[in-house]
Each structure stands twice: as structure tokens, then as C-alpha cells.
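Peer 1: pasting the sequence and the predicted model now:
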There are 2 protein chains.
Amino acid sequence: MPDAASPIAAPPKASAAKTPAPRDTQRIFSIAELAREFAITARTIRFYEDEGLLKPRRQGLTRLYSAGDRTKLSWILRGKRLGFSLAEIKELLDLYGVDRTGVQQMRELLRRSRLHIADLERKRRDLDAQIGEFKDVEAHVAAELKQRGVNPESD
Amino acid sequence: MPDAASPIAAPPKASAAKTPAPRDTQRIFSIAELAREFAITARTIRFYEDEGLLKPRRQGLTRLYSAGDRTKLSWILRGKRLGFSLAEIKELLDLYGVDRTGVQQMRELLRRSRLHIADLERKRRDLDAQIGEFKDVEAHVAAELKQRGVNPESD
DNA sequence: ATTGACGTTTACGTAAACGTTAACTATGAC
DNA sequence: GTCATAGTTAACGTTTACGTAAACGTCAAT
């Protein structure tokens, strides 16, 4: 499941070497397609829409998801894996949608970004601590097994 | 998401600190004390006990928490911050409690540890990706403000 | 002897994040 | 036509992680 998600609101900075697959950027996805790709249910995707996290185009009643919608979804799921609530994720997503022309808005965006970065870095400290602990466990147990003449790698 | 208390707080009080922890290891804590320290409610702590995550000593009905209990609690909260459910945290806590004498048990512990490490490392990739994105945002916005002659640091 | 601070159990309430029918609708295949 | 497949809304159910009383016990201080 390659997750080549570019930064959220991809600013058309520089079209390097090749045109980055215009067909891919134009692609539309059905709800079932996205559900399969991300291993969630369609209900979940609709729920995210109810909560204001996604706003797909519509053809009649049927939802049509753009590549941007797909990227957003992937972003939402990553946020969830990191333990953020949907409300928090929505706030962050909305940050990018906000009018970036005003100085006041930009200052607010900067402030919120920094707060969020601080939050993320705390999480990383927590994470590194846990990883360290579990690697210790792994090392000790593996050593103990080895000392007893047992091969730890024969699962 | 309020900023919690210090991870390892110790009152610098008391007599000569010769061995680096005999008194501290002996300390017992009331439920209110732990609640204050970790900025949670007593209800929450009791709930964790109902769920089998803590088993404090009792004096009559009153709960008495050891330093070990306190460490466990801090561990539980860190797990929560990382987005694990109480059920998952309980599993991990129980891993340590398990009889480590048998080879079979040790192999199981090793296996679970490795699975968990893989999980944590995926989380770290997610985390680093988000941190990177938000630092980009920060840099771009700060640069844009600067270019407009606005000082980004005047909150 | 009452107040107040702290502890307890029991139990109903709630918000978040979906799951799960139910009861349609639209579309292409046969 | 009608069957299968995918989509829809609406609404009730479920699990997790606690909040919030209610009703009570214990002890120190007033």
C-alpha cells in the first residue's frame, strides 16, 4: 500500500522533470474503491463526510472522490493512527483550507502549526521511550533464550 | 490535550539521600495524590482497576498505591497518548507479568515484543511524516510573512 | 456533634466512532 | 423485464472511556 501522499495542499511549486501523471491527478474514485484501498468500510468514509472531514463531488446522489479527496482520506487515517480524534484532525485539515491571504490568518496558521508540532514531538518522545523499552525486552529475552541453547528465531 | 505533570516527579524533601531510592521505592500514594500528579480523576484510576490494568493494595476498602503502581499508571497514560486502547495496553502490561521461566512463554514474549515494536515503528514513520509536513508549513508561512515585512514572532 | 475532606460502591449517562440492518434507487447485463 | 451490483438515506445498536450523581463510611478538627 504505497502512500505517496504529498503535503496536503500541494502548492504547484515546481514541475520538475516530468509532468507528474496528469491522468493520476484527474482520477476519480468510487467509495468502494477507496474503502478497499484503505481497508475501511464505506460507512466510515460517509461518516467522515458527515463530520465535515470530506466533501466529495456528487453526481446525483453518488459520491465521486478526487485524488485530493483520496489524499485527505489517507491523511485522516494517519492522524487516527497517531491517536488524534476526528475533531482534532478536522481542525488541522481546516487549517489548510483557510484563506491564507490575510496576515492575521497566516499568523494563526503559524501559531497552530507550531502548537501541533510541539504535540507531535512530545508524542515522539513517548514513542521513542516505548520503543527503547521494548527493544530492551527483546534483547534480554533473546539473550536468555540463546543462553539456554534455544534458537530465538525458530518461530 | 492538557500538558500533564512531570514524568518522574520526586519530592526533593527528606533526609540524606544516600542510596538512590530506598525511601522512594517504599512510598505509597493515595488515589487523590496520583490523580493530581497525572492530572486525571480518581474515577479514571478506579476505572483502570476495573479493567484490570491496576491492582493496588488495600487497607480495608481504601486503595494504597505503591511506586510500582504509580509507574504502571504513568505507562498506561503514555500508551494512551500514543493512541493505544486500554485493552491493548493491558495486554502489553500483562506481558511482563507472565511467567518468564518457560521457554514457550519467553518465545511468546519475544514474538509479541517484536510485533509491538513493528507497530511502534510504523507509528514513528507516520509521526515523522506529519512533523515534516507541518515544519514545511511553518517554514513557508514564516517566510511569506517575512517577505511581507511582518515579524512572525510577535504573538 | 456537626462539618469537611477524603475515601468507598453502585449505577445510570454520555460522546466518539463507527457497525448494522432496513428500505430504497440507479445502472448495466442478460 | 428482471436480476445483480453498487450506490443511497435513515435510524437504531455497540464499544470504549470515562463523567456524574447518590448514598454511605472514616477520621480530624471545630
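Peer 2: Received the coordinates, thanks. Numbering: from 1, shown residues only, chains lettered A, B, ... in the order given.

Peer 1: which residue does chain A bring closest to chain B?
Peer 2: Taking C-beta to the nearest C-beta as the measure, chain A has A:G83 as its residue closest to chain B, at 2.6 Å. For every residue, glycine as well, the C-beta is placed using N, CA and C.

Peer 1: what's the spacing between that residue and B:S85?
Peer 2: 10 Å (C-beta to C-beta, to the nearest Å).

Peer 1: show me which of the two is the more surrounded one.
Peer 2: Shown here are A:G83 and B:S85; by other C-beta atoms under 10 Å in any protein chain shown, A:G83 has more neighbours (17 against 10).

Peer 1: ok, the closest residue to the more buried one other than its chain neighbours - contacts?
Peer 2: If the residues on either side of it in the chain are set aside, A:G83 comes closest to B:G83, at 2.6 Å by C-beta to C-beta, 6 or more residues apart in numbering or on different chains. B:G83 sits next to A:80-84, B:123 when contact means C-beta atoms under 8 Å, 6 or more residues apart in numbering or on different chains.

Peer 1: hmm, 10 Å instead?
Peer 2: By C-beta atoms under 10 Å, 6 or more residues apart in numbering or on different chains, the contact set of B:G83 is A:79-84, A:123, B:123, B:126.

Peer 1: tell me what the longest helix anywhere in chain A is packed against?
Peer 2: Longest helix of chain A, by residue count under DSSP state H: helix A:103-147. Where contact means 3 or more C-beta pairs under 10 Å, 6 or more residues apart in numbering or on different chains; DSSP states H and E, helix A:103-147 is packed against helix A:86-97, helix B:67-81, helix B:86-97, helix B:103-147.

Peer 1: mind putting the ones you listed in TSV, distance to DNA strand D and mean neighbour count included?
Peer 2: Compiled in TSV, those are given as follows (distance: least, C-beta to the nearest atom of the strand, whole Å; neighbours: other C-beta atoms under 10 Å in any protein chain shown):
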stretch	distance to DNA strand D	mean neighbour count
helix A:86-97	13	15
helix B:67-81	6	18
helix B:86-97	3	15
helix B:103-147	15	17
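
Peer 1: between those, which one is closest to DNA strand C.
Peer 2: The closest of those to DNA strand C is helix A:86-97. By C-beta to the nearest atom of the strand, the value is 3.2 Å.

Peer 1: list the helices and strands the closest one packs on?
Peer 2: helix A:42-50, helix A:67-81, helix A:103-147, helix B:103-147.

Peer 1: average model confidence for the longest helix of chain A?
Peer 2: Averaged across helix A:103-147, pLDDT comes to 94.

Peer 1: about what we covered before: shared neighbours of A:G83 and B:S85, which are they?
Peer 2: With C-beta under 10 Å, 6+ apart, A:G83 and B:S85 have common neighbours B:G79.

Peer 1: one step back: export the helices and strands packed on helix A:103-147 as TSV, with columns for distance to A:S66.
Peer 2: Output for the helices and strands packed on helix A:103-147, formatted as TSV (distance: least, C-beta to C-beta, whole Å):
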stretch	distance to A:S66
helix A:86-97	15
helix B:67-81	34
helix B:86-97	35
helix B:103-147	20
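
Peer 1: and the gap between the closest residue to A:R148 other than its chain neighbours and A:V141?
Peer 2: Once flanking residues are discounted, A:R148 sits nearest to B:V103: 6.7 Å by C-beta to C-beta, 6+ apart. Using C-beta to C-beta, one obtains 11 Å as the distance from B:V103 to A:V141.

Peer 1: and if you look at A:G68?
Peer 2: 46 Å.

Peer 1: who's in contact with stretch A:121-137?
Peer 2: A:82-84, A:120, B:1, B:3-4, B:7, B:75, B:77-84, B:92, B:95-96, B:109-110, B:112-117, B:119-121, B:123-124, B:126-128, B:130-131.

Peer 1: ok, now stretch A:51-67?
Peer 2: Here stretch A:51-67 has contacts from A:6, A:10, A:21, A:24-31, A:33-34, A:42, A:45-49, A:68-70, A:72-73, A:75-76, A:79, A:86-87, A:89-90, A:93-94, A:97, using C-beta under 10 Å, 6+ apart.

Peer 1: how about the helices and strands packed on helix A:86-97 in CSV, adding distance to DNA strand C?
Peer 2: What follows is these, written out as CSV (distance: least, C-beta to the nearest atom of the strand, whole Å):
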stretch, distance to DNA strand C
helix A:42-50, 4
helix A:67-81, 6
helix A:103-147, 16
helix B:103-147, 15
